[in-house]
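In: this one's sequence-less:
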């Protein structure tokens, strides 16, 4: 087989190994088409499923009180649909009353528009728009010019309107009344029947679903069902409670302000607030328009707007955080996109059901690997680890956003914890990409420069932590009289007063950045810390390092295959700074190296200490232990026996 054929064969095998996403996309498109064209069937089923999720906790509580399953189900469904029926009847009556009263508001509307128009000058925008409309109307109504003579116009005859009345038969009248009601009543009846049977056969349906979908993984399927039921049921019930606590005070406030049909606007607010983001705005527009139209002055309109703002603030900042034990798990953008999609698919009902339906999709993506993209697209969980997010920002050359992310993390963590769990692991990711050739020199330089800027931006936070450390030491000294308090923090670090430490990068620019981070943390502990570049370790520059008076010198490596180079550097540094403790840091994300392996590495390098994490490095560098003596190199000298030459041959003398 030729080389070209081998390449073609290899590329074909790789392409065959990667599953195509076209079948998944085709299945999704077919599903959307079926949901759209068969919405008359799936919409009632979706409503029934969501109502089942909402009523299941109520049925469970009734059964705990001792009621039989059938009685509990019928009582719950009857109460729910009775409430919905009464709610719908009241809304319909209120809407009819508003429609009858609209002509009475015409005078107030015209009067307020006139006041607004007179408030401006003659050349106001309203005047200009009015004159523009008049000119356009005049131009449209102007008769076309006649190009040729036409006969004498005949007098125009006005047609006579004739209206024919025919007696309507009773059967036809009944049919005209019943026909518009058949569809909604049939749909409501279907939903009621489906909800009753789903609640009665809940366990049976669950078992059938598990057998059909996840029989091979009962644990995952059970967890998915519980997650979906908890999220959807809790969302619907808690949102209903939130909306009721919003709608009742709203209706009372509008009634006190004298807004007509205040009950209607409170009930509509309860329903419309199920629509995310857009619903509260729509619920506020109608009462505001009525306040503008019904009241002669402007005070009622302003008080109505203030009422909506106050209720929104209380609902969003007090009621919802208190009632919601957990969120729906959707990102804000996902809620908006879902509302647009379901509104296009199923109309206004789909708009109301958009959030719980999307919650079901996110739960599906969380527990079914094939649909994991749904959770990534719509979920609110971070899709990147903090270290990966930081590395991405450094790779993009955006140290400002990297600093913002770091400051968010530092609101809950100390700087040493951030460097140890986020920043240095991010540098390890960059080092691995460099080692496998995935990063160019330009990208490496950009990552290193962005990381240096990040460390410089966090210098102010390091200073604040240093001041806090000093204040805590003073408080502990005053409380205990010992000058040092009991450290109960997870990251216990010793005090570094009076000590001097030099941190040096091992072999690359990223090692230099890690050395700067380590020096910054050591300085927080009160020690005098400085950092140096890996270029200063070269034979021609190492003597220029500021080693005098140092208690410890630390060299850090992100590349784990640097033991030989580290051994050479340790020997050079120990000769130049015999009174300093020389240590090596092989940075690792997970401190899994055992004590025996560290001891072997310590003996091999002849260093005073070996660390793999930033906490170990800080503790060892600030230790009061004495430096180890450098062992002399063992040179084996072979003892030769005396010989004598006999001709061209060499013969050993016999021992005496």
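Out: Alright, I've got the coordinates. None of the values given here were measured: they were computed from a predicted structure.
In: mind checking the SS state of residue 626?
Out: coil (DSSP: H, G, I helix; E, B strand; the rest coil).
In: ranking helices and strands of the protein by mean pLDDT, which lands last?
Out: strand 643-646 (a mean of 39; mean pLDDT, DSSP states H and E).
In: low-confidence ranges in the stretch 201-350 of the chain?
Out: 209-230, 233, 295-296, 317, 319-329 (pLDDT under 70).
In: where do the helices of it begin and end?
Out: 202-213, 218-257, 262-272, 278-294, 299-314, 320-323, 332-367 (DSSP state H, counting those that start in this stretch).
In: tally of neighbours for residue 44?
Out: 20 (other CB atoms under 10 Å). Quick note: C-beta positions are derived from backbone N, CA and C, even for glycine.
In: and the helix or strand hosting it, which residues are buried?
Out: Under the criterion of DSSP states H and E, residue 44 resides in helix 39-64. Within helix 39-64, the residues scored as buried using 16 or more other CB atoms under 10 Å are 39, 43-44, 46-59, 62.
In: helices and strands around it, which ones?
Out: The contact analysis (3 or more CB pairs under 8 Å, 6 or more residues apart in numbering; DSSP states H and E) places helix 39-64 against helix 69-101, helix 170-200, helix 218-257, helix 332-367.
In: quick one: closest of those to residue 534.
Out: helix 332-367 (43.9 Å; CB to CB).
In: if we can go back for a sec, dump the helices and strands packed on helix 39-64 to a markdown table, plus mean neighbour count.
Out: Below are those laid out as a markdown table (neighbours: other CB atoms under 10 Å):
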| stretch | mean neighbour count |
| --- | --- |
| helix 69-101 | 14 |
| helix 170-200 | 13 |
| helix 218-257 | 18 |
| helix 332-367 | 19 |
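In: of the ones you listed, give the one that comes closest to residue 576.
Out: Closest among these, using CB to CB: helix 332-367, at 57.4 Å.
In: which other helices and strands does that closest one contact?
Out: Helices and strands touching helix 332-367, by 3+ CB pairs under 8 Å, 6+ apart, are helix 22-37, helix 39-64, helix 218-257, helix 372-378.
In: for these, which one sits closest to residue 585?
Out: With respect to residue 585, and counting by CB to CB, the nearest of the helices and strands packed on helix 332-367 is helix 372-378 at 35.9 Å.
In: quick check: residue 184 vs residue 84, distance?
Out: Here the criterion is CB to CB, to the nearest Å. By it, residue 184 lies 12 Å from residue 84.
In: scratch that, residue 616 is what I was asking about
Out: Using CB to CB, residue 616 is found at 64 Å from residue 84.
In: got JSON lines for the helices of the stretch 201-350 of the chain, with distance to residue 432 too?
Out: As requested, those are arranged in JSON lines below (distance: least, CB to CB, whole Å):
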{"stretch": "helix 202-213", "distance to residue 432": "38"}
{"stretch": "helix 218-257", "distance to residue 432": "32"}
{"stretch": "helix 262-272", "distance to residue 432": "52"}
{"stretch": "helix 278-294", "distance to residue 432": "46"}
{"stretch": "helix 299-314", "distance to residue 432": "49"}
{"stretch": "helix 320-323", "distance to residue 432": "42"}
{"stretch": "helix 332-367", "distance to residue 432": "29"}
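In: name the residues that touch the one helix or strand residue 501 maps to?
Out: Applying DSSP H and E as the criterion places residue 501 in strand 500-505. With CB atoms under 8 Å, 6 or more residues apart in numbering as the contact definition, strand 500-505 has outside contacts at 511-516, 518-519, 522, 527-534, 536-537, 545-547, 549-556, 580, 621-622.
In: so after it, what's the next helix or strand?
Out: By DSSP H and E, the next helix or strand past strand 500-505 is helix 509-524.
In: remind me what the helix or strand following that next one packs against, helices and strands.
Out: Counting by DSSP H and E, the next helix or strand C-terminal to helix 509-524 is strand 528-532. Strand 528-532 sits against strand 500-505, helix 509-524, with contacts defined as 3+ CB pairs under 8 Å, 6+ apart.
In: of those, which is nearest residue 373?
Out: Of all these, helix 509-524 sits nearest to residue 373, with 33.0 Å by CB to CB.
In: the closest one versus strand 500-505: what angle between them?
Out: 160 degrees (axes from the mean of the first three to the mean of the last three CA atoms, to 10 degrees).
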